[in-house]
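In: structure for this input, please:
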Amino acid sequence: MRLLGNLPLIALVALTACVSVAEAPAAGQRTGSSDSASPKEERTLRMVTRAEPASIAGTILIPTGITTGTQRRLFNAGLVLKDGDGKYRPYLAETAPQLNTDSWRVLPDGRMETTYRLRPGLVWQDGTPLSAQDFAFAWRVYSSPQFGVSRSLPHSAMQDIVVNDDRTLVIRWRDIYFEAGNLESTDFAPLPRHVLEAPFAQDVTTFDSLPFWTTEYVGAGPYRLDRWEPGAFIEARAFTQHVLGAPNIDRLRITWNSDFNANLASLLATEADLPIDDSIRVEQGLTLDRDWTTRGAGSVRYRPQLPRFIQVQHRAEYADPPAVRDVRVRQALTHAIDKASINETLFEGKGLTSDSLIYPTVDYFAAVDRAAAKYPFDLRRSDQLLSEAGFSRDTEGSYTDARAARVNLELRNIQSAQNDAERSIIADGWRRAGFQLTEDVFTPSQTRNGELLGTFRSLSITSAAADTTGLNVEDYTCARASRPETRWFGQNRGGWCNTDYDYVMGRLTLALDPKERGELVAEAIGALTSDLGIIPLHFNPGVVAVPAQLQGPNVKVPDADLSWNVHEWRLSQ
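Out: Numbers count the residues shown, from 1 in each chain. All right, here's what the predicted structure looks like:
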């Protein structure tokens, strides 16, 4: 932070800022005398991210193809909060429901009820009391079939919400759902009924395009939106009535750039302090580490985090060439990927190659690893599989079908320097193996277009959120396929549908015993990888770069968000 040389001017600037953007008191809150208020120098943490958010809501209604966890965490609060060790803590709730108690009842017919008791004195960032009715209203929104989120967990398993009083909500579940006691804001964020109920009742078709979701957002998280300049920046101010305590850092400023090197330049020039949401990659992290280490300006470390994989177009109406729907072709493609080379070339070995979507620290990983079908780099096996599928090579070594037409695939990714390099390595290997290939990208702005993301013609490289629970396998059921009926919402963008897999997943969502869940996740991974509904690649190493003047960030597990305890962070000079 730069200090001005004229101390009286500092006081004048700080006092002016406090008066002009001071947080409005909640109803009934008493304000102190202006004569006794002492001016305070405000501290601003400058964050840089990868793209302008489509929304800063906790539970998203709009599909997105990029990481947004930290942006959403800053402005939202849920019933519970996952900490840096992967453990759940009560947040808006006094305590989390406990199985086999009155707070979590499993009924004889297989339904459940969980009871959450809210902390007293909760308020929205506009000062309005936050009550159980706000969660009941949120469920009405999330369960509305106009929004694709209605088909995803936990909403698809909820039957109803009963409000006993302003602080008590009872969630009735139509099925067993083992995460029913761990509802974070990304799963089930409350919505301010006093702001949204009238427009929701008036026109649900335009509801998700209201300015509320962006420039007029009101949440309950540690920071409240102060200013959103579209295309430029977001500014936020500490929410002093945050339920876990007022944040120590007064202000945040969020800027964005899809160019990782531009974000690195901002950090090196001290124009930004903290990269968030995958805004720099390993290449930039290595450069930043060298610079910060030399100057004692901060620390950089890496944690294998985002699972990377290739979506396959399984739907006949979009698949081109149709050969991509043949499992033998998918197996041949997978055998022609040199995952170790990708890890060394892109990540200097800091990544983690994977045969599944399951992180290796989970208790049941050994069972998952045994069940997962393996496709080691083997061009001879790839050639053998294609021969079995009826393909042969022409005089130039390219594969052709029975009509002598070449197999011409399209490979896409979300545009970035690292993603483009990853695509090029895979495409180059496939070309050497004998495939014809067209390469293309989704631009950052196109990641908001769910239909475009779901109608690629052959193959699309993408990421998913890190998950140590194994629940990300639920994303690939038939019901979770993105399509017009879901407004193209859902991670299963290739439309893979496998009845055996769905049967296992149906049992998994009903299993409460951790050992049984582990066995079922392993069985599901076996089905997913045998049929290659998707093609697993590796865990992308996430860069955790923390400047020396920032104290507090503390994450250990791969699926913990860096900003989980942002209200406790401190920013020194």
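In: contacts only, for residue 438.
Out: 408-411 (CB atoms under 8 Å, 6 or more residues apart in numbering). Heads up, the C-betas are built off the backbone N, CA and C, glycines and all.
In: how about the secondary structure of it?
Out: strand (DSSP: H, G, I helix; E, B strand; the rest coil).
In: re earlier: any chance of JSON lines for the contacts of residue 438, columns secondary structure, pLDDT and distance to residue 106?
Out: Below are the contacts of residue 438 laid out as JSON lines (DSSP: H, G, I helix; E, B strand; the rest coil; pLDDT from 0 to 100; distance: CB to CB, whole Å):
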{"residue": "408", "secondary structure": "strand", "pLDDT": "91", "distance to residue 106": "53"}
{"residue": "409", "secondary structure": "strand", "pLDDT": "95", "distance to residue 106": "48"}
{"residue": "410", "secondary structure": "strand", "pLDDT": "97", "distance to residue 106": "48"}
{"residue": "411", "secondary structure": "strand", "pLDDT": "97", "distance to residue 106": "46"}
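In: of these, closest to residue 357?
Out: For the contacts of residue 438, the closest approach to residue 357 (CB to CB) belongs to residue 411, at 19.8 Å.
In: send the alpha carbons of stretch 449-458 over as PDB?
Out: The C-alpha coordinates for stretch 449-458 follow below in PDB (Å, rounded to 0.1, in the frame of the first residue of the first chain):
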ATOM      1  CA  ASN A 449     -23.600 -20.000 -23.100                       C
ATOM      2  CA  GLY A 450     -24.700 -23.400 -21.900                       C
ATOM      3  CA  GLU A 451     -26.100 -24.400 -25.300                       C
ATOM      4  CA  LEU A 452     -22.800 -23.700 -27.000                       C
ATOM      5  CA  LEU A 453     -20.800 -25.600 -24.400                       C
ATOM      6  CA  GLY A 454     -23.200 -28.600 -24.800                       C
ATOM      7  CA  THR A 455     -23.400 -28.900 -28.600                       C
ATOM      8  CA  PHE A 456     -19.700 -29.300 -29.500                       C
ATOM      9  CA  ARG A 457     -19.400 -31.900 -32.200                       C
ATOM     10  CA  SER A 458     -16.700 -34.300 -31.000                       C
END
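In: what are the boundaries of the strands in the stretch 301-450 of the chain?
Out: For the stretch 301-450 of the chain, the strands defined by DSSP state E, counting those that start in this stretch cover 352-353, 392-393, 399-400, 408-414, 436-442.
In: how about the stretch 51-200 of the chain?
Out: Under DSSP E, counting those that start in this stretch, the stretch 51-200 of the chain gives strands at 80-82, 88-90, 104-106, 112-117, 158-165, 168-173.
In: with respect to residue 234, which of these lies nearest?
Out: Taking CB to CB, strand 80-82 is the member of the strands of the stretch 51-200 of the chain nearest to residue 234, at 22.0 Å.
In: so what does that closest one touch, helix or strand wise?
Out: For strand 80-82, the packing partners by 3 or more CB pairs under 8 Å, 6 or more residues apart in numbering; DSSP states H and E come out as strand 88-90.
In: may I see the buried residues of the strand it packs on?
Out: 88, 90 (16 or more other CB atoms under 10 Å).
In: for it, name the packing helices and strands.
Out: Packed next to strand 88-90, using 3+ CB pairs under 8 Å, 6+ apart, are strand 80-82.
In: any idea how far the strand it packs on is from the chain center?
Out: 15 Å (CA atoms, centre = their mean, to the nearest Å).
In: next: stretch 194-212.
Out: That offset, for stretch 194-212, works out to 24 Å (CA atoms, centre = their mean).
In: could you do stretch 548-565 as well?
Out: Per CA atoms, centre = their mean, the centroid offset for stretch 548-565 relative to its chain is 16 Å.
In: got it, and stretch 357-370?
Out: Worked out by CA atoms, centre = their mean, stretch 357-370 lies 21 Å from the chain centre.
In: residues in contact with it?
Out: 304, 307, 309, 352, 355-356, 464, 466-470, 472-473, 514-515, 517-519, 521-522, 525, 528, 534, 536, 539, 557-559.
In: what subset of those is buried?
Out: Buried, going by 16+ other CB under 10 Å: 304, 307, 309, 352, 355-356, 464, 466-470, 472-473, 517-519, 521-522, 525, 528, 534, 536, 539, 557-559, out of the contacts of stretch 357-370.
In: circling back: wait, which of the strands of the stretch 51-200 of the chain is closest to residue 314?
Out: Nearest of those to residue 314, taken as CB to CB: strand 158-165 at 28.8 Å.
In: the closest one pairs with which strands?
Out: When pairs are called by DSSP bridges, strand 158-165 turns out to pair with strand 168-173 (antiparallel).
In: near the closest residue to residue 210 other than its chain neighbours, how many other residues are there?
Out: Distances taken as CB to CB, 6 or more residues apart in numbering place residue 199 nearest to residue 210, at 6.0 Å, with adjacent residues excluded. The tally of other residues near residue 199 (other CB atoms under 10 Å) stands at 13.
In: relative to residue 216, how far out is residue 199?
Out: In this view, residue 199 and residue 216 are 11 Å apart by CB to CB, to the nearest Å.
In: and what of residue 236?
Out: In terms of CB to CB, residue 236 sits 14 Å off from residue 216.
In: which residues are common contacts for those two?
Out: residue 225.
In: so which of those two has more stuff around it?
Out: residue 236 (27 against 11).
In: quick one: that one and residue 226 touch, right?
Out: Yes: counting by CB atoms under 8 Å, residue 226 is a contact partner of residue 236 at 5.5 Å.
In: least trustworthy helix or strand in the chain by mean pLDDT?
Out: The least trusted helix or strand in the chain, going by mean pLDDT, DSSP states H and E, turns out to be helix 7-21, with a mean of 36.
In: partner strands of the next helix or strand along the chain from that one and their direction?
Out: Following helix 7-21 in sequence order, the next helix or strand is strand 44-49 (DSSP states H and E). When pairing is defined by DSSP bridges, strand 44-49 lines up against strand 251-256 (parallel), strand 274-275 (parallel).
In: please identify the deepest-packed of those strands.
Out: Ranked by mean neighbour count under mean count of other CB atoms under 10 Å, those are led by strand 274-275, which reaches a mean of 27.
In: so after that one, what's the next helix or strand?
Out: Using DSSP H and E, the helix or strand that follows strand 274-275 towards the C-terminus is helix 282-295.
In: isn't residue 452 right up against residue 445?
Out: No: counting by CB under 8 Å, residue 452 stays clear of residue 445, with 10.3 Å between them.
In: higher neighbour count, the two?
Out: Neighbours per residue (other CB under 10 Å) separate residue 452 from residue 445, with residue 452 holding more: 17 against 12.
In: contact partners for the more buried one?
Out: Neighbouring residues of residue 452 by CB under 8 Å, 6+ apart: 442, 446.
In: try 6 Å this time
Out: residue 446 (CB atoms under 6 Å, 6 or more residues apart in numbering).
In: now the helix or strand containing it: buried residues?
Out: Taking DSSP H and E as the definition, residue 452 sits inside helix 450-454. By 16+ other CB under 10 Å, the buried positions in helix 450-454 come out as 450, 452-454.
In: helices and strands around the following helix or strand past that helix, which ones?
Out: Following helix 450-454 in sequence order, the next helix or strand is strand 459-463 (DSSP H and E). For strand 459-463, the elements it packs on are strand 298-312, strand 408-414, judged by 3 or more CB pairs under 6 Å, 6 or more residues apart in numbering; DSSP states H and E.
In: which one of those strands lies nearest to residue 187?
Out: Comparing the helices and strands packed on strand 459-463 under CB to CB, the one sitting nearest is strand 298-312, at 18.8 Å.
In: counting contacts, what elements does that closest one pack onto?
Out: Right, strand 298-312 is packed against helix 282-295, strand 459-463, strand 534-547 by 3+ CB pairs under 6 Å, 6+ apart.
In: could I get the phi/psi values of the nearest residue to residue 254 once chain neighbours are set aside?
Out: Distance criterion CB to CB, 6+ apart; nearest residue to residue 254, sequence neighbours excluded, is residue 234 at 4.3 Å. Residue 234 adopts backbone torsions of phi -120, psi 130, taken as degrees, to the nearest 10.
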